[in-house]
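>>> here is a sequence with its predicted model. Questions after.
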Amino acid sequence: MAPLHGVRVLDLSTVVAGPYGSQMLAELGADVIRIEPVAAAGTPEPLAEAPISEAEGFLWALQKNKRALCIDLKQPEGLALFRDLARKSDVVWENFRPGVTERLGIDYARLREVHPGIIVCSISGFGAQGPWSRVGAYDITVQALAGVMSITGSGAADAEPCRWGVPIGDIAGAIYGVIGVLAALEERARTAAGQHVDIALLDVQLALNCYRVPQVFGSNMTFAPASPRRGGAGTVPYGPFRCGDGQWLSLAPSTNFWPAFCNVIGRPDLLDDARFRTLADRQRNQAALDALLETLMLARPAQAWEAAFIEARIPVGRVLDIPAAFAHPQAQARGMRVDLTNGAGRRVPVAGGALRFEGESPRSQCAPSLAGADTFEVLTELLQIGPQRLTDLRARGIIGARAS
Amino acid sequence: MNCRDRVAELARRSGPLAGVLLLELCGDEPAGTFGTQILADLGATVVKVERLPGARPEALEPSAPVPEALAYFWGMNRNKLSLAMDLKSEGGRALLHRLARIADVVYDNFRPEVMRRIGADVDTLRALNPRLICASVTGFGRSGPLAGYPAYDATIQAMGGGMSLTGAAEPDAMPVRCGNPIGGLAGALYAVAGILAALARRRRTDTGAALDIALFDAQLAMNAYRVPPALGAGKRYTPEPHRGGSGALPYGPFRARCGRWFALGITRQFWASACQVMGKPEWENDPRFRSEAQRQDNEQALNAEVAAVIATRDADDWQARFLDAGIPGATVRSIRDAFSHPHVALRDMLVGFDHPLGRHLRVAGDPIKLSAHPHAPFAGAPGLGEHTSLVLQELLGLTIDEVRALRAAGTVWWPDEGLVYARPSVV
């Protein structure tokens, strides 16, 4: 049985942080119902043969395994339907700007009146209160404010700070939301009471600085604008070095791998080199070591180096782009590329889930429903609304449904 | 008192996971210890099973700054208990097995052969306790050609695709990894989510689970919305330091007059008001910049113009102006400065401790804000073996004499007096 079988989530979220998290809940077996405005039900379906657009990429990547329902929450009848659905649900998941759910009448205080066990998870940039609470947050601003951009970059003097290309500001917030919701479910099993889970993207990104925080405030360490070739625990050498074929190979020989590393690169003499004997020596003489390796790594193509290091069980990794990463034999063996097909015959590759339960067959994945595709089904199943009333609600613009 | 209550009593913090007993068998890496810290913050009783000290650990000099390695440890081990025992000995293994019988979760980040060697592999543990949730976090997981191959953050970030998207836009520029060890951290986050989901299922079915979390898988999964266009439509992604993931621009850092960097994130909805704030209302109707598609077509011209404008004021000045207008934009802050943001105090995101060794330390707060659990103080990171005797007595019902005999036999350890923070692998 899927871990979250029987858990129902009403998902009001948009963009990245919200949908990524609710999709994780769906991947774990929750019944996630994505709720969108009525007008969304009218968006045309892409033609089966059209190339996958960026917008469609977002839909397939972040909305799979969910059902889709359209309701106008601004009309009293739509609001009543939503509250009825909340009564039959465990979690309401949203990432509106703070204040919007209050205005709509679906904030935690209001929803607990109709369902004391409801768990409401709000994901916002800065949380519900404070001078920045109403300011929108984007991945870039969260990464900038939290300090991570200041330690990411090429390391060249005066270089521009970089954000991590994967939107970690959003995605980490999403996963923390999932963790908060599941912890609240655990508590509810004991107390029967729900609660509000309030996740701020800034808080999450600050928390990911974990070990650097006491290092900054207790050890007075400062982190260079970027240390692309030093590990978080101080490992040197570390990071990308260019190989003979122009490809980059990322090295990480921590202290226990250093002797074997020197052998693989054909320089056992470095073990006795006073400049490089201990980690502290290597840190002190990092520039010399980096320069030496920059030359040395050019002697062979990346794949040859990689094979030699793997053979010796020394950790390395080639810098792969997304297609190469998913084509890697390890990614293939782990089933990390999943090809989904929807009812219209459109076939789209997506990333598989990273939550693997050993001895259990991977749960089958469903293509994303287009907006409003499951409106009738959900309202019939959960609220026992008959066909006539559904047609009427739709005619009056209270719900939106895609003609099937 | 039943077992769950006894476990809850031992927790060093209250929270939604009160009564959940987790055994941590991890090294120092974030993939392990950061994950269990999240669960400890949430009120689980996290017992960190640690190796005995080698030589007698040296005491720390109280007046010196906190050693870097100790600060590192404090950043990922608060709210936990420490049990020092020799897992290579028969006695240590027997104790571990007794603990596994009553535990809810065993979280490890060792390679499978290491777990087998210490008698803590999934099959052994789940045979002892079928309700146990085993979560194993490794570089590549337990299947596939690279199963058991060691990984570090730099290698995982390289292989997962993220580094190919990060860095300068120039051709052939060095790829850059995320400054924080997102390879390990993401694995920990996934593991925690998986553990909690498994606990939810166990309430209904009374069966445990064996989670096999690979850091590599987690990186691949986080490529999310770039996967369908990349694999399905041949789209190539390269580092775009000045363009948002969905194509927004201007986006990214621009140098302010004071030399600091100010990061813009101007999506369509904010373009008009951003033009006002930047003092360039005419840009709104400039045929080069009117729509997002036009801004993309004229990206270089736009970035040059924006760079010139941002260079006219200090970053703090821009910050105030953007904040006033409610438009996303942010000064690039160092980690120290990041914690002076006004919301940090408001949301308890910097938490101080009086360190038992006489100094004051600060760590990042818990970002999971729960209405049923207002902020409560953290317990500090445990000294090595600080809770050895307590855990064995309270959870296994050993008498103090039995525990002392185990110590005398070298099976378990705690310091003669005071607290010891020097660990074989830490300081």
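Cool, the structure landed. Just so you know, these numbers come straight off a predicted model, no measurement behind them.

>>> which SSE is the most centrally placed residue in chain A in?
The residue lying closest to the centre of chain A (Cα atoms, centre = their mean) is A:I171, at 3.1 Å. In the assignment (DSSP states H and E), A:I171 maps to helix A:168-191.

>>> just B:K48 next, same as before
Under the assignment here (DSSP H and E), B:K48 is part of strand B:45-50.

>>> follow-up on the earlier one: list the helices and strands the helix holding A:I171 packs on?
Here helix A:168-191 touches helix A:17-27, strand A:91-94, strand A:119-124, helix A:139-146, strand A:196-200, helix A:201-207, helix B:182-205, strand B:369-370, going by 3 or more Cβ pairs under 8 Å, 6 or more residues apart in numbering or on different chains; DSSP states H and E. (Each C-beta comes from the backbone N, C-alpha and C, glycine too.)

>>> now the longest one, how far from the chain's geometric center?
When C-alpha coordinates are averaged (Cα atoms, centre = their mean, to the nearest Å), helix B:182-205 and its chain have centres 13 Å apart.

>>> mean neighbour count, the helices and strands packed on helix A:168-191: which tops it?
helix A:139-146 (a mean of 30; mean count of other Cβ atoms under 10 Å in any protein chain shown).

>>> now that one: mean pLDDT?
For helix A:139-146, mean pLDDT rounds to 96.

>>> now that helix - C-alpha only, PDB.
Provided in PDB are the C-alpha atoms of helix A:139-146 (Å, rounded to 0.1, in the frame of the first residue of the first chain):
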ATOM      1  CA  ASP A 139      14.200  31.800  -6.000                       C
ATOM      2  CA  ILE A 140      16.800  34.500  -6.800                       C
ATOM      3  CA  THR A 141      15.800  36.800  -4.000                       C
ATOM      4  CA  VAL A 142      15.700  34.000  -1.500                       C
ATOM      5  CA  GLN A 143      19.100  32.700  -2.500                       C
ATOM      6  CA  ALA A 144      20.500  36.300  -2.300                       C
ATOM      7  CA  LEU A 145      19.100  37.100   1.100                       C
ATOM      8  CA  ALA A 146      20.000  33.800   2.700                       C
END
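
>>> tell me what that helix is packed against?
Looks like helix A:139-146 contacts helix A:168-191, helix A:201-207, strand B:251-255, strand B:261-265, strand B:329-331 (3+ Cβ pairs under 8 Å, 6+ apart).

>>> now with 7 Å?
Counting contacts by 3 or more Cβ pairs under 7 Å, 6 or more residues apart in numbering or on different chains; DSSP states H and E, helix A:139-146 is packed against helix A:168-191, helix A:201-207, strand B:261-265, strand B:329-331.

>>> generate TSV for these, with mean pLDDT and distance to B:A69 as supplementary columns.
What follows is the helices and strands packed on helix A:139-146, written out as TSV (pLDDT from 0 to 100; distance: least, Cβ to Cβ, whole Å):
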stretch	mean pLDDT	distance to B:A69
helix A:168-191	97	25
helix A:201-207	98	21
strand B:261-265	96	31
strand B:329-331	96	31
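
>>> just put those in TSV and tack on distance to B:L132.
Shown next, in TSV, are those (distance: least, Cβ to Cβ, whole Å):
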stretch	distance to B:L132
helix A:168-191	16
helix A:201-207	28
strand B:261-265	45
strand B:329-331	44
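
>>> how about those, which one is nearest A:A302?
helix A:168-191 (25.8 Å; Cβ to Cβ).

>>> the inter-axis angle of that closest one versus strand B:261-265?
If you take axes from the mean of the first three to the mean of the last three Cα atoms, to 10 degrees, helix A:168-191 sits at 70 degrees to strand B:261-265.

>>> could you check the angle helix A:17-27 makes with helix A:168-191?
Orientation note: helix A:168-191 sits at an angle of 50 degrees relative to helix A:17-27 (the same axes, to 10 degrees).

>>> now the nearest residue to B:E68 once chain neighbours are set aside: phi and psi?
Spatial nearest neighbour of B:E68, excluding adjacent residues (Cβ to Cβ, 6 or more residues apart in numbering or on different chains): A:S219 at 5.1 Å. Dihedral pair for A:S219: phi -110, psi 0, per degrees, to the nearest 10.

>>> do A:A351 as well
Torsion angles, degrees, to the nearest 10, at A:A351: phi -80, psi 140.

>>> for it, name its beta-bridge partners.
In this entry, A:A351 is beta-bridged to A:R337, by DSSP bridges.

>>> who's in contact with it?
The contact partners of A:A351, taken as Cβ atoms under 7 Å, 6 or more residues apart in numbering or on different chains, are A:61, A:336, B:220-221, B:223-224, B:227.

>>> cutoff 8 Å now
Applying Cβ atoms under 8 Å, 6 or more residues apart in numbering or on different chains to A:A351 gives the contacts A:61, A:326, A:336-338, B:220-221, B:223-224, B:227.

>>> mind checking pLDDT for the closest residue to A:G335 other than its chain neighbours?
Counting by Cβ to Cβ, 6+ apart, A:G335 lies nearest to A:G352, which is 5.3 Å off, once chain neighbours are set aside. Looking at A:G352, its pLDDT reads 95.

>>> picking that back up, now do the buried residues in the helix holding A:I171.
Residues of helix A:168-191 classed as buried: A:168-188 (neighbour count, 16 or more other Cβ atoms under 10 Å in any protein chain shown).

>>> quick one on the thing from earlier: which of the contacts of A:A351 fall in helices?
Judged by DSSP state H, helices contain the following of the contacts of A:A351: A:61, A:326, B:220-221, B:227.

>>> got CSV for those, with neighbour count and distance to B:N79 too?
CSV is the format used below for these (neighbours: other Cβ atoms under 10 Å in any protein chain shown; distance: Cβ to Cβ, whole Å):
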residue, neighbour count, distance to B:N79
A:A61, 25, 35
A:F326, 22, 38
B:L220, 29, 31
B:A221, 25, 28
B:V227, 28, 36
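
>>> between these, which is closest to B:Q294?
Of the ones in helices among the contacts of A:A351, the one sitting nearest to B:Q294 (Cβ to Cβ) turns out to be A:A61, at 26.7 Å.

>>> residue contacts, the closest one?
Contacts of A:A61 (Cβ under 8 Å, 6+ apart): A:350-351, B:224-228.

>>> pick out the most distant pair among these.
Maximum distance among the contacts of A:A61 (Cβ to Cβ): 10.6 Å, for A:V350 and B:R226.

>>> so for the two, which residue has more residues nearby?
Between A:V350 and B:R226, counted using other Cβ atoms under 10 Å in any protein chain shown, A:V350 has the larger neighbour count: 26 against 23.

>>> test my guess that that one contacts A:L62.
No. Assessed by Cβ atoms under 8 Å, A:V350 is found out of contact with A:L62, at 9.4 Å.

>>> separation between A:I179 and A:A86?
22 Å (Cβ to Cβ, to the nearest Å).

>>> how about B:P287, nearest residue that isn't a chain neighbour?
B:Q294 (6.9 Å).

>>> secondary structure element for that neighbour?
Here B:Q294 is assigned to helix B:292-297, by DSSP H and E.

>>> ok, now B:E305?
Per DSSP H and E: helix B:299-310 holds B:E305.

>>> what sits against the closest residue to A:F326 other than its chain neighbours?
Among residues not flanking A:F326 along the chain, A:R337 sits closest, at 4.8 Å (Cβ to Cβ, 6+ apart). By Cβ under 8 Å, 6+ apart, the contact set of A:R337 is A:326, A:331, A:349-352, B:227, B:231.

>>> pLDDT wise, what is the residue nearest to B:T411 when sequence neighbours are not counted at?
Nearest residue to B:T411, sequence neighbours excluded (Cβ to Cβ, 6+ apart): B:G91, at 3.9 Å. Looking at B:G91, its pLDDT reads 96.

>>> show me where pLDDT drops low in chain A?
Scanning chain A for pLDDT under 70 picks out A:404.
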